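Student: for reference, the sequence and a predicted model appear below.
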Amino acid sequence: MSLIKFRSIFGSQLLRQFHTCTNATINGESKWAYVELKFAKDTLKLPLVWLRDHCRSDACYNWQTNQRKSTAQNLFAHAKVEEQNGISFDEKEQLLRIKWKDGHISNFKTEELLQWAVQLTDLLPLEYWTRNLRKIPKVSKNDFNFAKFSLLFAKYGVVTIADVPVSFEATKELSLSIAPIHDTFFGDFWIFGTDGEEIKEERDDTAYGNKAIGPHTDGTYLSQTPGIQVFHCLHPADSGGDTVLVDGFAVADIFRRNFPEYFKILTETPIEHHYLEGIDSDGTFKADSSKIQLHSRSIFEPVIKLYKDRIIQIRFNPYDRAPLNLGTENDIKRVITFYEAYEAFSQLIHKSEFALNISLKPGTVIFIDNFRVLHARTAFRGARKMCGCYLSRDGLLAKARTVLPSSFKHI
Ligand SMILES: C[N+](C)(C)CCCC[C@H](N)C(=O)O
Ligand SMILES: O=C(O)CCC(=O)C(=O)O
């Protein structure tokens, strides 16, 4: 069984008992040299430059701030040892000791080397879901437990918190207790919706109207996409105004299996999105001076973002796409194939079998992972009032990783 597989099942705390290192040897020449650790059924190769760079002596590491002291300008110069006698391994203590040519000494515990070198990257037990998700993961504000909330958020990408007072202030207070704000030009906290049939088009976006909006992620025109979308329906519409959720990771995974070539295109093709306000599409500013004038855009990101072969972000908003640049090579086959891929993905995303319809009730606040879960809205009539905000996904995960099970620590 590989170390990675073993650790994913038994966790690193068990690793040491079952995976003791029996010996360590230096192999390779000059900057390609590495230490090979032998385990019962496996080996681990650690380049000398990697080992020196991971030295945790006081000379190399600031334990107060958990920061390395090296500026990384002389990594290879410092990673030289006298041939074999430069290293020694104490099997009983599971301790690797390296005496570097410059006289510095590094000591490494096998377990810490495994912790650093054998990192989970693709074994997160995310629970992909479709509309058959029995019910949206839900906790109550009355007995709120951050660790439980974090685990549900990490697993499903969506969590609701019930029993919240129906007010803007209570929603704001609750949101801030969970993660820092991700502020944007929409403001840090928002109230939006309509007072009866009259639509207050405060901003140049369909969210401020009453029409249906298909599944999408927000902020595709921001290089720093909002990580968490928070909604609290303070006043439901007379009819309609349902929220529809789609697990973008689940759909992208199905897309990868059914249309591998199209999937590849959507992971490799950057696509520009924009948000224009107070200006016309040709870039001229509208005469209406009451509007702020904005041109937000993001041009470097693909629709489906991967880390190794793991899907880590969906950026899908068909409405906010900017004009598609054809590139200097004017390769129309590439452009047309891109449209085939985008259309196929959109058709899959819009399939009702993936759509989870909920009607948000006053008192229940929903937290949506905007990297993973798409949201939509059905058309509505009558007055409807929503409030919410974007929260920092990094901010949430930085706190959550300290309480999540080890298999989620790398989300
Ligand atoms: C601020 N608030 C969430 C109310 C609306 C923002 C508009 C979001 C836009 N439709 C997008 O997809 O990015
Ligand atoms: O009004 C809603 O329920 C959601 C509007 C929306 O899609 C958004 O604000 O991004």
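Tutor: Arrived safely, thanks for sending. Numbering: from 1, shown residues only. Ligands and ions are numbered 1, 2, ... in the order given.
Student: and the longest helix seen in the chain, what does it pack against?
Tutor: For the chain, the longest helix by residue count, based on DSSP state H, is helix 332-349. Other helices and strands packing on helix 332-349, by 3 or more CB pairs under 8 Å, 6 or more residues apart in numbering; DSSP states H and E, are helix 248-258, helix 260-268. No exception for glycine: its C-beta is placed from N, CA and C like everyone else's.
Student: how far does the shortest one sit from its chain's centre?
Tutor: Average the C-alpha atoms of helix 260-268, do the same for its chain, and the two points are 19 Å apart (CA atoms, centre = their mean, to the nearest Å).
Student: next, the angle helix 332-349 makes with that helix.
Tutor: 100 degrees (axes from the mean of the first three to the mean of the last three CA atoms, to 10 degrees).
Student: got the CA positions of helix 260-268 in CSV?
Tutor: Taking Å, rounded to 0.1, in the frame of the first residue of the first chain, the C-alpha atoms of helix 260-268 are listed here in CSV:
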residue,chain,number,x,y,z
PRO,A,260,-13.1,14.5,-22.2
GLU,A,261,-12.0,16.7,-25.1
TYR,A,262,-14.5,19.5,-24.3
PHE,A,263,-13.5,19.2,-20.6
LYS,A,264,-9.9,19.7,-21.6
ILE,A,265,-10.8,22.8,-23.6
LEU,A,266,-12.7,24.4,-20.8
THR,A,267,-9.8,23.8,-18.4
GLU,A,268,-7.2,25.2,-20.8
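Student: got the angle for it vs helix 248-258?
Tutor: Here helix 260-268 points in a direction 140 degrees away from that of helix 248-258 (the same axes, to 10 degrees).
Student: tell me the first helix or strand C-terminal of helix 260-268.
Tutor: Sequence order places strand 273-277 as the next helix or strand after helix 260-268, per DSSP states H and E.
Student: most packed of the helices and strands packed on helix 332-349?
Tutor: Mean neighbours per residue, mean count of other CB atoms under 10 Å, is largest over the helices and strands packed on helix 332-349 for helix 248-258, with a mean of 20.
Student: that one - contacts with which helices or strands?
Tutor: Using 3+ CB pairs under 8 Å, 6+ apart: helix 248-258 touches helix 260-268, strand 310-314, helix 332-349.
Student: that older thread, would you mind pulling the contact partners of the longest helix of the chain?
Tutor: Here helix 332-349 makes contact (CB atoms under 8 Å, 6 or more residues apart in numbering) with 215, 246, 248, 251-252, 254-255, 258-259, 261-263, 265-266, 269, 271, 303-304, 316, 318, 324, 326-327, 354, 374.
Student: poorly predicted segments of this protein, please.
Tutor: Scanning the chain for pLDDT under 70 picks out 1-18, 83-84, 119-125, 196-201, 281, 283, 285-291, 409-410.
Student: flag every residue of it that's near ligand 1.
Tutor: 186, 190, 192, 205, 207, 216, 218-219, 317, 320 (CB under 6 Å from any ligand atom).
Student: the closest residue to ligand 2 within the stretch 101-250 of the chain and residue 320, how far apart?
Tutor: Nearest residue of the stretch 101-250 of the chain to ligand 2: residue 207, at 3.4 Å (CB to the nearest ligand atom). Counting by CB to CB, to the nearest Å, the gap from residue 207 to residue 320 is 11 Å.
Student: who does residue 275 form a beta bridge with?
Tutor: Note on residue 275: beta-bridge partners residue 296, judged by DSSP bridges.
Student: how many other residues sit next to it?
Tutor: The number of residues packed near residue 275 is 22, by other CB atoms under 10 Å.
Student: pretty sure it contacts residue 207?
Tutor: No: using CB atoms under 8 Å, residue 275 makes no contact with residue 207, being 11.3 Å away.
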